[in-house]
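A.B. asks: Sequence first, predicted coordinates after that:
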Number of protein chains: 2
Amino acid sequence: MTDTRFDVLAIGNAIVDIIADTDDAFIESEGLTKGSMQLIDEARAKALYDNMGPAREISGGSAANTLAGLARLGHKTAFIGQVADDQLGTVFAHDIRAGGIHFDIPAREGAPATACCYILVTPDAQRTMNTFLGASQFLPARLMDRELIESAAILYLEGYLWDPEEPRAAMRTAIDIARAAGRKVALTLSDAFVISRHGADFLAEMEAGRIDILFANEVEIRALSGLEDFDAAVAMIAARVPLLVCTRGENGAISVEDGVRTEVSAEPVTQLVDTTGAGDLFAAGVFAGIAQGRSMAECLTMGAVCAAEVISHYGARPEADIAALVNSRLGQAPF
Amino acid sequence: MTDTRFDVLAIGNAIVDIIADTDDAFIESEGLTKGSMQLIDEARAKALYDNMGPAREISGGSAANTLAGLARLGHKTAFIGQVADDQLGTVFAHDIRAGGIHFDIPAREGAPATACCYILVTPDAQRTMNTFLGASQFLPARLMDRELIESAAILYLEGYLWDPEEPRAAMRTAIDIARAAGRKVALTLSDAFVISRHGADFLAEMEAGRIDILFANEVEIRALSGLEDFDAAVAMIAARVPLLVCTRGENGAISVEDGVRTEVSAEPVTQLVDTTGAGDLFAAGVFAGIAQGRSMAECLTMGAVCAAEVISHYGARPEADIAALVNSRLGQAPF
């Protein structure tokens, strides 16, 4: 294997989050399921935006958030995703590049607009996401830059983006390129709705040995396995992928690598504000640990530290110096 | 005087803030003066944005922030300001209306874009503002809705908007309408650069009895009076306006109403993050107190409580329940 220029290259949705505080009554009145993600069209986006409270805009997108964390941890990363040629597309591209992430996909001309996620945060810090995919779902396979993909140690795929047709084809092309170059491929399952539509696809990719690292949460691992029992679900999926990382919210996380199970607790959180991005930042910590050749216990702990930071404020990208937080934590017992 | 529909109608810049963390070295390398506000053109805005770090976007504009606070305190307010017909204009209009503020100025077609303020926050929580005025400076006098202005107990003018020609003419028209209807007129001096260009104008308006309430900070009151000594500056200006409110940052605030001086301390702040909007939210608390017929000591304390909340997080609009904070504070000694 030749030297790599990037630790992780991610392909994901290029989204700006529009984040408003709300209460349970509003979630109910809008017919939403708290904690879920649903796709919405432009008309629904406008209606929801008209009804929701004052908001703040912060760049998001699951895999892009992971890269923002990884970059803050000092790692070299690159992003592939599609914005439109509009103000929010400029905001997204600025934030990615200003975070030190390589990004050279040109903005797409004309409609639709850059993707927006209308995020409603309830007082329990739970987030309910409503995503207008806009330009993001028109990422074409021709933008899969062979040289770029070959230059990254890990290709990281956002499950959300497996749903629209054009990016799904693009991601299959990217997997082909990565595997031919001997690179690793990581996938996050993203959401139960993705699994309900593409679970068989994911299992087939794993069966074919095309996925090296799988990220999931408890709901997703159950959905993918079709098993209600968590341990049974983990056992079934872990048998099909070299490394499985499964987050469990306030119950910490586990990994299974070549049959070896590792478990960590969640890190303490002083103020819980907005849980958006917890999984994304957990993945950032794990990828950083892998790039640094650390033990799985250390990798998972790094993930837990990054997740704890991001849920202490609005927005799914780190604000505090997470590299310092990670170093401080790894200097403590049990490490 | 007939009954009023609004407690305060404000005329101000319609701006979306783009807020990034930075350090003193960046402020210096960009040739900026920490703590100041400077106007920038589109080319400079692009260059600065390219150089600055990842940001968050939160609606701003000095008078608009004051109304956001007043609305959160339960008061009826209306806003006049000019956005462009673009995504950030939509964001600004959404946030104003979602905050319960009456706003019916149509978006302006074509260039320039909606105003942006590139705000750099240093670790000491000081903010350095770089404002691209865009569409905001093209607020025409014909949009000064007589019925709307007559329906507000107080007309509040943002000093920043006195600088560009078209809104200055519009604000003079608005003062004429308000005075003819027996309404009060309040003005905030906004920044020393405004005073250096229009101080004589402000003094002439005060001399003519067209300003009832003046908001200033220490730097501004010195600039307007031309006197270095704070008490001498206050005495000179207070003699020219029925109510002067002067904020002094961590040293609290004073008011002089018909010769009677009132003084309060700053409220304690648990975490100081971003001082943007401190003066704007102070004004919100004072206006709320006036609308509620409270003593000046109570009005100033309400201002101090609102200012303390807004500097505890990024962005110049309140996040916490400031009405509850104010009620709790007014329930304590010395009230």
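C.D. replies: Great, that's in hand. Numbering: from 1, shown residues only, chains lettered A, B, ... in the order given.

A.B. asks: Stretch A:44-62 near chain B anywhere?
C.D. replies: Yes: contact of stretch A:44-62 with chain B (C-beta under 8 Å from any C-beta of the partner chain) involves A:Tyr49, A:Asp50, A:Met52, A:Gly53, A:Pro54, A:Ala55, A:Arg56, A:Glu57, A:Ile58, A:Ser59. C-betas here are computed from N, CA, C, even on glycine.

A.B. asks: Quick check: the two most widely separated of the residues you listed?
C.D. replies: A:Asp50 and A:Ser59 (23.0 Å; C-beta to C-beta).

A.B. asks: List the buried residues of the worst-scoring helix or strand of chain A on mean pLDDT.
C.D. replies: Sorting the helices and strands of chain A by mean pLDDT, DSSP states H and E puts strand A:37-39 at the bottom, at a mean of 94. Buried residues in strand A:37-39, counting neighbours by 16 or more other C-beta atoms under 10 Å in any protein chain shown, are found at A:Met37, A:Leu39.

A.B. asks: Quick one: residues in contact with it.
C.D. replies: A:Leu32, A:Met129, A:Asn130, A:Thr131, A:Phe132, A:Leu133, A:Tyr160, A:Asp163, A:Ser190, A:Asp191, A:Phe193 (C-beta atoms under 8 Å, 6 or more residues apart in numbering or on different chains).

A.B. asks: Would you tell me what the next helix or strand after that strand is?
C.D. replies: helix A:42-51 (DSSP states H and E).

A.B. asks: List the contacts of that following helix.
C.D. replies: Counting by C-beta under 8 Å, 6+ apart, residues outside helix A:42-51 touching it are A:Ile18, A:Phe26, A:Glu30, A:Ile40, A:Pro112, A:Cys116, A:Tyr118, A:Asn130, A:Phe132, A:Gly134, B:His94.

A.B. asks: Out of those, flag the one nearest to B:Tyr314.
C.D. replies: Nearest member of those to B:Tyr314, counting by C-beta to C-beta, is A:Ile18, at 15.6 Å.

A.B. asks: Apart from its neighbours in sequence, what residue is nearest the closest one?
C.D. replies: Nearest non-adjacent residue to A:Ile18, counting by C-beta to C-beta, 6 or more residues apart in numbering or on different chains: A:Ala55, 4.7 Å away.

A.B. asks: who's in contact with that neighbour?
C.D. replies: So A:Ala55 contacts A:Ile18, A:Ile19, A:Ala20, A:Tyr118, B:Val91, B:His94, B:Asp95, B:Ala98 (C-beta under 8 Å, 6+ apart).

A.B. asks: What residues are bridge-paired with A:Phe215?
C.D. replies: Listed by DSSP bridges, the beta-bridge partners for A:Phe215 are A:Thr188, A:Val245.

A.B. asks: My error: substitute A:Val260 in the last question.
C.D. replies: A:Glu257.

A.B. asks: any idea how far it lies from chain B?
C.D. replies: Plainly put, A:Val260 is 37 Å away from chain B if you go by C-beta to the nearest C-beta, to the nearest Å.

A.B. asks: Over to A:Leu189?
C.D. replies: 27 Å.

A.B. asks: ok, that residue touching A:Glu220?
C.D. replies: Yes: judged on C-beta atoms under 8 Å, A:Leu189 makes contact with A:Glu220 at a distance of 4.1 Å.

A.B. asks: Please enumerate the shared neighbours of these two.
C.D. replies: A:Ile195.

A.B. asks: that older thread, higher neighbour count, A:Asp50 and A:Ser59?
C.D. replies: Looking at A:Asp50 and A:Ser59 with other C-beta atoms under 10 Å in any protein chain shown, you find the greater number of neighbours at A:Ser59, namely 27 against 10.

A.B. asks: Quick check on that one: phi, psi?
C.D. replies: phi -50, psi 140 (degrees, to the nearest 10).

A.B. asks: can you pull the contacts of it?
C.D. replies: Counting by C-beta under 8 Å, 6+ apart, A:Ser59 touches A:Ile15, A:Val16, A:Asp17, A:Ala68, A:Val91, A:Phe92, A:Asp95, A:Ile96, A:Arg317, B:Pro54.

A.B. asks: doesn't A:Thr262 make contact with A:Ile254?
C.D. replies: Yes: at 6.6 Å, A:Ile254 and A:Thr262 qualify as touching, with contact defined as C-beta under 8 Å.

A.B. asks: ok, so what distance separates the residue lying closest to A:Met206 once chain neighbours are set aside from B:Phe282?
C.D. replies: Distances taken as C-beta to C-beta, 6+ apart place A:Arg240 nearest to A:Met206, at 4.5 Å, with adjacent residues excluded. Noted for A:Arg240: a distance of 61 Å to B:Phe282, by C-beta to C-beta, to the nearest Å.

A.B. asks: Counting neighbours, go ahead and name the busier of the two.
C.D. replies: Ranked by neighbour count (other C-beta under 10 Å), A:Arg240 and B:Phe282 place B:Phe282 first, with 28 against 17.

A.B. asks: How far off centre is the helix or strand containing the more buried one?
C.D. replies: Secondary structure from DSSP H and E places B:Phe282 in helix B:278-291. Offset of helix B:278-291 from its chain centre (C-alpha atoms, centre = their mean, to the nearest Å): 10 Å.

A.B. asks: With stretch A:113-121 instead?
C.D. replies: 15 Å.

A.B. asks: CA-only coordinates of that stretch in CSV, if you can.
C.D. replies: The C-alpha coordinates for stretch A:113-121 follow below in CSV (Å, rounded to 0.1, in the frame of the first residue of the first chain):
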residue,chain,number,x,y,z
ALA,A,113,-31.2,24.8,-3.3
THR,A,114,-28.5,23.6,-0.9
ALA,A,115,-29.8,21.0,1.5
CYS,A,116,-31.2,22.2,4.8
CYS,A,117,-32.0,20.2,7.9
TYR,A,118,-34.7,21.8,10.1
ILE,A,119,-33.8,20.6,13.6
LEU,A,120,-36.2,21.0,16.5
VAL,A,121,-34.6,20.7,19.9
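
A.B. asks: neighbours around the closest residue to A:Phe132 other than its chain neighbours, how many?
C.D. replies: Among residues not flanking A:Phe132 along the chain, A:Ala45 sits closest, at 4.2 Å (C-beta to C-beta, 6+ apart). Residues contacting A:Ala45 under the criterion other C-beta under 10 Å number 19.

A.B. asks: How about A:Pro318?
C.D. replies: Other residues close to A:Pro318 by other C-beta under 10 Å number 25.

A.B. asks: Can you verify it is assigned to a helix?
C.D. replies: No: counting by DSSP: H, G, I helix; E, B strand; the rest coil, A:Pro318 is not part of a helix but coil.

A.B. asks: Please tell me how far it sits from chain B.
C.D. replies: 10 Å.

A.B. asks: again, but for A:Ala253
C.D. replies: Counting by C-beta to the nearest C-beta, the gap from A:Ala253 to chain B is 26 Å.

A.B. asks: Could you dump the contacts of helix A:42-51 into a markdown table with neighbour count, secondary structure and distance to B:Met302 added?
C.D. replies: Output for the contacts of helix A:42-51, formatted as a markdown table (neighbours: other C-beta atoms under 10 Å in any protein chain shown; DSSP: H, G, I helix; E, B strand; the rest coil; distance: C-beta to C-beta, whole Å):
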| residue | neighbour count | secondary structure | distance to B:Met302 |
| --- | --- | --- | --- |
| A:Ile18 | 25 | strand | 31 |
| A:Phe26 | 17 | helix | 28 |
| A:Glu30 | 16 | coil | 34 |
| A:Ile40 | 18 | coil | 40 |
| A:Pro112 | 17 | coil | 45 |
| A:Cys116 | 24 | strand | 36 |
| A:Tyr118 | 21 | strand | 33 |
| A:Asn130 | 22 | strand | 36 |
| A:Phe132 | 25 | strand | 40 |
| A:Gly134 | 27 | helix | 43 |
| B:His94 | 20 | helix | 27 |
